[in-house]
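Undergrad: take a look and give me a structure for this.
(2 chains)
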Amino acid sequence: MKKLLDIISEVFADTFASCGYDKKYGKVTISNRPDLCEFQCNGAMAAAKEYKKAPFLIADEIVAKLTEDAACDMFEKVEMVKPGFINLSLSQHYLASYVNEMSQDETLGFTPSGEPKKIVIDYGGPNVAKPLHVGHLRSAVIGESLKRIHRFAGDTVIGDVHLGDWGLQMGLIIEELHCQKPDLVYFDESYTGEYPSEAPFTISELEQIYPAASAKSKEDPEFKEKAHTATLKLQEGYAPYRALWQHILNVSVTDLKKNYEKLNVSFDVWKGESDADPYIPDMIQMFVDSGVAHESQGALVIDVEEETDTKTIPPCIVRKSDGAALYATSDLATIIQREQDYKPDEIIYVADNRQEMHFNQVFRVAKKTNLCPNTKLTFQGFGTMNGKDGKPFKTRDGGVMRLETLIQSIHDAVYARIMENRTVSEEEARTVAEIVGLSALKYGDLSNQASKDYIFDIDRFASFEGNTGPYILYTLVRIKSILEKYTASHGEATFSHTVNTKQTATEKTLMIELTKFNATIQAAYDELAPHKICAYIYDLSNAFNKFYHENNILGESDPEKQQGFIALLQITKNVLETSIDLLGFSAPDRM
RNA sequence: GCCCCCAUAGCUCAAUAGGACAGAGCGCCGCCCUCCUAAGGCGGUAGUCCCCGUUCGAAUCGGGGUGGGGGCACCA
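TA: I've put the predicted structure just below:
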C-alpha cells in the first residue's frame, strides 16, 4: 500500500507541476502544528528561492489550483498561511477508507520500497565458557529487532551469533581441565577408544574453570605456555582436544541458547570463529600473492588509508609476527565463509561503538581484496549502557553483572509492581512479570537511538507509567479486554466491521496515527532505527487512550457507530501487536 | 599529541528536508474514578553548553571555544 504522505505528496507534486514549478516541491509532511492542521507542505517556500517569487504567491496558486481540482475531496481543508505554508486536513471518509484498506492488508499497509534482499546480521558475539553479561545485552536486543524488521520487510535474514569459540581461551580451559581432572581419557595419549558422548563437566564447572585458568595464566608463565601449546594442538586438529572442545562448545551453547531464549532472542546459525578458521590459510596466501599485504615489524599488514581520510587509520594486521591469526583475520575469513554459504546482499554487524575502527579496517580490506564485491558491509554501532551515575553499568561492588541477574532483577521489580494493587494469583503474577519485564528491558533499551550511550534505570524502565514498555502493554491489554467483552456479548462473527466515516476528534486523531505505521516501519528499516517504532507506538498508545477516555465503547448506543469503534480497536491492536513483535516482545492477555 | 562521537527542561529521552510556538515522560503544583483496567485523562511549571557566521528562517549547516566519552597495529 502506498504511504498516505506519498499519496498526498503526489497530488501536490502534480499541482506544482501544472502550475509550472518543479514536482519536487510537492512534498507533504506531518504537521508539526497539530493545532493548525494535520499535514503541511512547505514546498512553496523552498520554491521561492529557485523561482525568485514570494512564497505566499506560489502557495496561493497551489491552493487555488488544488481547490478547483477534483482531487480536493481528499481534503477537508487546504489553506495558505503566512510566509507560505500550505496547511491540510484530510477528509473523514478518505481517512476511513485508507484505514479500512490498511486493516485488510497482511502487513497493515506496509509495502517495502526496495527489492527483497538477503542479509546476514551478526549480533551477539558471546564467548563460549563465559556467562553472558550486561555487555551482551544491547547487541542481542538491537540485533534481534533489526532481524525482525528486515524479515517484516520481506528480506531473507540470517541471524548469526558469531561465537568466540577459538583461540587462546580454549587452550586455557583445556589446560586447566588437565590440572583439575588429569585422569580424563582426553589427556591419556595412549587412549585409542571412542570418546565419551557425555561432557566431563557441567556448565557451572565450566564457568568457574575459565576465570581460574585466566587468572593462573597471568601469574604462571609455564601454565600460559602449556595453554598456548594446547591451543595450537586444538587448531591443528589433535583428536582428543577436538573432542573436548566439542564438549565445551555443546555445554556452553546449550546454556547460551537458554539465556538468549529468556530474552526472546534467537539465532539462525550458531557459527563462530572456528568456522572461519579453515578459510584463513588460503586467504592469507591470496593477500600475499596479490601483493596487497606487506610485512611490517614482523607482522603481515594491509594498508587501508584513503586519500579522503581526515584521521589516520592504521594498517590492518592480518597475521601477527608469531604467525597467529587475530580478530581482523577471523572477521575477514568469516566474510569469505558467508559469501560462500549465503551470498548475502548485505552483512550488518551490530557491535559496540568502540569497534568502529576495527570494522572500518576490515571492511576496507574486504573491498580492497575483493572478498565480497557485491556485498554491502554495514557497521551498526551501539553506545554504552551506563548506570544512573552515568558511568558504565556495574554491580554494587564494581564487577560485571551477569545478564541472568539483570533479567531477574527486572522480573522482581515488575512482579512487585503487579502484586502491589492486584489480586491475581502469585503464579499468574510470576508469568506476567516475565512478559512485562522483558518489555521493560527491551523497550528501555530500544527507545534510545542505538548509537548513543544510555542510562539504564531499572525503576524507570519497569514503571507502568510514562514512556515505557509496560505502558504500551497496558494499553494493548486494555484493548484486548474490551474486544473480549464485546465478543462475549456479540459473538465472533462481528469482526468484519469497517471504521466510521464520521469521526469524533480523538477518533480521527487515532486513525491518522494508524496511517503512519507504514512510513514508520520504512524509516526504522532504512535507518536501522528501532527507536522510531518505540516513539510511534507510544504516540499511538496515547492517541488510543485519549480516544478511550472520550468515547465509551461498550456503552455506545448506536450499534453502527459502535461497530466502527470495534473495527478501530481491532486495527489498533493489530498495529500495536505487530510493532512490539518487531521490537522483540509480546503482550499478556491481562496484567 | 592526533582523530572520532556526544552535549536539548532539575532528571531520562524526542524533534521526520533548514521550517511555524523545540515535543514527551519522570519530578513538582492543581483538577477528574456510581462508567469498558485511574497502570489513565485534562491543565500548569521549565530548556537548545558558549561565541561568531550562512539564511526570509538554525537544536539541525560552517568556523572557533568549553565540558564529557571513546579510539589510535600484533587483545577480542
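Undergrad: low-confidence regions, chain A specifically.
TA: Applying pLDDT under 70 to chain A flags the ranges A:70-72, A:421-423, A:492-495.
Undergrad: centroid residue for it?
TA: A:S145 (2.8 Å; CA atoms, centre = their mean).
Undergrad: a helix runs through that residue, doesn't it?
TA: Yes - the assignment for A:S145 is a helix, going by DSSP: H, G, I helix; E, B strand; the rest coil.
Undergrad: would you confirm that it contacts A:P530?
TA: Yes - contact criterion CB atoms under 8 Å: A:S145 and A:P530 qualify, at 4.2 Å. C-beta: built from backbone N, CA, C; applies to glycine.
Undergrad: quick check: phi and psi on the closest residue to RNA strand B within chain A?
TA: Closest to RNA strand B within chain A is A:G466: 2.0 Å, counting by CB to the nearest atom of the strand. Phi and psi for A:G466, reported as degrees, to the nearest 10, are phi 80, psi -160.
Undergrad: what number of residues lie near the closest residue in space to it that isn't next to it in sequence?
TA: Here the nearest residue to A:G466 in space, its sequence neighbours aside, is A:R460; by CB to CB, 6 or more residues apart in numbering that works out to 7.7 Å. A:R460: 15 surrounding residues under other CB atoms under 10 Å.
Undergrad: export stretch A:298-305 as CSV, just CAs?
TA: What follows is stretch A:298-305 as a C-alpha-only set of coordinates in CSV (Å, rounded to 0.1, in the frame of the first residue of the first chain):
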residue,chain,number,x,y,z
GLY,A,298,57.3,-8.8,11.6
ALA,A,299,53.6,-8.8,11.1
LEU,A,300,51.6,-9.1,7.8
VAL,A,301,49.6,-6.0,7.3
ILE,A,302,47.4,-4.4,4.6
ASP,A,303,47.2,-0.6,4.2
VAL,A,304,43.8,0.8,4.3
GLU,A,305,44.3,4.5,4.2
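Undergrad: next one: that stretch, is it in contact with RNA strand B?
TA: Yes - using CB under 7 Å from any atom of the strand, we find that stretch A:298-305 touches RNA strand B at A:298-299, A:301.
Undergrad: ditto for stretch A:2-20
TA: No - judged by CB under 7 Å from any atom of the strand, stretch A:2-20 makes no contact with RNA strand B; its nearest approach is 7.8 Å.
Undergrad: buried residues in that stretch?
TA: Buried residues in stretch A:2-20, counted by 16 or more other CB atoms under 10 Å: A:3-9, A:11-16.
Undergrad: residues of the stretch 301-450 of chain A that sit close to RNA strand B?
TA: A:301, A:310-312, A:314-315, A:317, A:320-322, A:324, A:326-327, A:330, A:353-358, A:384, A:390, A:417-418, A:421-422, A:447-449.
Undergrad: among those residues, which are in helices?
TA: Here DSSP state H is the test, and these give A:327, A:330, A:356-358, A:417-418, A:421 as lying in helices.
Undergrad: may I ask which two of those are separated the most?
TA: The span of those, defined through CB to CB, is set by A:S330 and A:N421 at 52.7 Å.
Undergrad: list the residues that contact A:L244.
TA: By CB atoms under 8 Å, 6 or more residues apart in numbering, the residues touching A:L244 are A:174, A:177, A:184, A:186, A:200.
Undergrad: the first one and A:K226 touch, don't they?
TA: Which is A:I174. No - assessed by CB under 8 Å, A:I174 is found out of contact with A:K226, at 9.2 Å.
Undergrad: give me the more crowded residue out of the two.
TA: It is A:I174, of A:I174 and A:K226, that has more neighbours when counted by other CB under 10 Å, with 26 against 19.
Undergrad: for the stretch 51-200 of chain A, which segments count as strands?
TA: With strands called from DSSP state E, counting those that start in this stretch, the stretch 51-200 of chain A shows them at A:75-81, A:85-90, A:118-122, A:156-160.
Undergrad: so which residues make contact with the longest one?
TA: Strand A:75-81 is contacted from outside by A:36-37, A:44, A:56, A:59-60, A:62-63, A:66-67, A:72, A:86-92, A:94, using CB under 8 Å, 6+ apart.
Undergrad: quick one: the residue nearest to A:G466 is in a strand?
TA: No - remark: A:R460 does not belong to a strand; assigned using three-state DSSP, it is helix.
Undergrad: does it touch A:G444 like I think?
TA: Yes - using CB under 8 Å, A:R460 is in contact with A:G444, at 7.3 Å.
Undergrad: next, count neighbours for A:S204.
TA: Counted with other CB under 10 Å, residues neighbouring A:S204 total 11.
Undergrad: need the three-state assignment for it.
TA: At A:S204 the chain is in helix, as set by three-state DSSP.
Undergrad: run a quick neighbour tally on the residue of chain A closest to RNA strand B.
TA: Residues lying near A:G466 (other CB under 10 Å) number 9.
Undergrad: now do the one 5 residues further on
TA: Applying other CB under 10 Å, we find 21 residues neighbouring A:Y471.
Undergrad: can I assume it is in contact with A:F461?
TA: No - counting by CB under 8 Å, A:Y471 stays clear of A:F461, with 10.7 Å between them.
Undergrad: and the residue lying closest to A:R590 once chain neighbours are set aside, what element?
TA: Distance criterion CB to CB, 6+ apart; nearest residue to A:R590, sequence neighbours excluded, is A:V477 at 6.2 Å. For A:V477, the element it lies in under DSSP states H and E is helix A:469-490.
Undergrad: mind listing what's buried along that helix?
TA: A:469-480, A:482-483, A:486.
Undergrad: repeat for stretch A:583-590
TA: A:583-585, A:587-588.
Undergrad: buried set for stretch A:558-575?
TA: For stretch A:558-575, a neighbour-count test (16+ other CB under 10 Å) marks A:561-575 as buried.
Undergrad: alpha carbons only: can I get it in PDB?
TA: Extracted C-alpha coordinates of stretch A:558-575, given in PDB (Å, rounded to 0.1, in the frame of the first residue of the first chain):
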ATOM      1  CA  ASP A 558     -25.700   3.400  18.200                       C
ATOM      2  CA  PRO A 559     -24.800  -0.100  17.000                       C
ATOM      3  CA  GLU A 560     -23.300   1.100  13.800                       C
ATOM      4  CA  LYS A 561     -21.100   3.600  15.500                       C
ATOM      5  CA  GLN A 562     -20.100   1.000  18.000                       C
ATOM      6  CA  GLN A 563     -19.100  -1.400  15.200                       C
ATOM      7  CA  GLY A 564     -16.900   1.400  13.800                       C
ATOM      8  CA  PHE A 565     -15.300   1.700  17.200                       C
ATOM      9  CA  ILE A 566     -14.700  -2.000  17.400                       C
ATOM     10  CA  ALA A 567     -13.100  -2.000  13.900                       C
ATOM     11  CA  LEU A 568     -10.800   0.800  15.000                       C
ATOM     12  CA  LEU A 569      -9.800  -1.100  18.200                       C
ATOM     13  CA  GLN A 570      -9.100  -4.200  16.100                       C
ATOM     14  CA  ILE A 571      -6.700  -2.400  13.800                       C
ATOM     15  CA  THR A 572      -5.100  -0.500  16.700                       C
ATOM     16  CA  LYS A 573      -4.500  -3.800  18.400                       C
ATOM     17  CA  ASN A 574      -3.000  -5.300  15.300                       C
ATOM     18  CA  VAL A 575      -0.700  -2.400  14.700                       C
END
